[in-house]
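Student: quick one, fold the following:
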Amino acid sequence: MFAGMILLGLLLSAVGLGFSHERDPELAYLLMAFDMSVGMAAWMRYRGHGWALTLEMCGAMFAPALPLFPLLWLNVVDGESLMVIAHVAMFPLMLVAMLWRRDEYAH
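Tutor: Residues are numbered from 1 along each chain as shown. Got it, this is the predicted structure:
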């Protein structure tokens, strides 16, 4: 997850495809979630997890946007707050996914 965020983030920024969380918070968040998902999916597939589990975990990267984007549009949160809240929310969402499929993650 972190490797994807760092490596893909640097690569995309180097070619001019990075977005600022101050100027384009929605795009910045979605791109970062994509970067993290690519790294996490590669590692999960390498470790032998199936596509269903991998896609559930990737969904946990994008799910925080559902309640936060409307709050951003209503000026309840700003771009920086969106990033912080969403990143904090990802971890409990991933934990829920792991507990939901405990047998798959316990071996």
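Student: tell me the SS of Val76?
Tutor: coil (DSSP: H, G, I helix; E, B strand; the rest coil).
Student: now it: how far from Phe69?
Tutor: Per Cβ to Cβ, to the nearest Å, Val76 is found 11 Å from Phe69. (Glycine included, C-beta is placed from N, CA and C.)
Student: of these two, which one has the most company?
Tutor: Taking other Cβ atoms under 10 Å, Val76 and Phe69 do not tie; Phe69 has more neighbours (17 against 11).
Student: from memory the more buried one sits against Ala33, does it?
Tutor: No: using Cβ atoms under 8 Å, Phe69 and Ala33 do not qualify as a contacting pair, with a distance of 11.9 Å.
Student: OK, contacts around Arg101?
Tutor: Leu53, Glu56 (Cβ atoms under 8 Å, 6 or more residues apart in numbering).
Student: just the one 3 residues further on next, same as before
Tutor: When the contact criterion is Cβ under 8 Å, 6+ apart, the partners of Glu104 are His49, Leu53.
Student: helix or strand for it, which one?
Tutor: In this structure, Glu104 sits in helix 102-105 according to DSSP states H and E.
Student: what residues sit buried inside that helix?
Tutor: Judged by neighbour count (16 or more other Cβ atoms under 10 Å), helix 102-105 contains no buried residues.
Student: roughly how far out does that helix sit from the chain middle?
Tutor: Relative to the centre of its chain, helix 102-105 is centred 21 Å away, using Cα atoms, centre = their mean, to the nearest Å.
Student: over to stretch 41-51?
Tutor: With Cα atoms, centre = their mean, you get 16 Å for stretch 41-51.
Student: that one: end-to-end distance?
Tutor: 9 Å (Cα to Cα, to the nearest Å).
Student: what about the helices in this structure?
Tutor: 2-14, 25-46, 51-62, 65-73, 79-100, 102-105 (DSSP state H).
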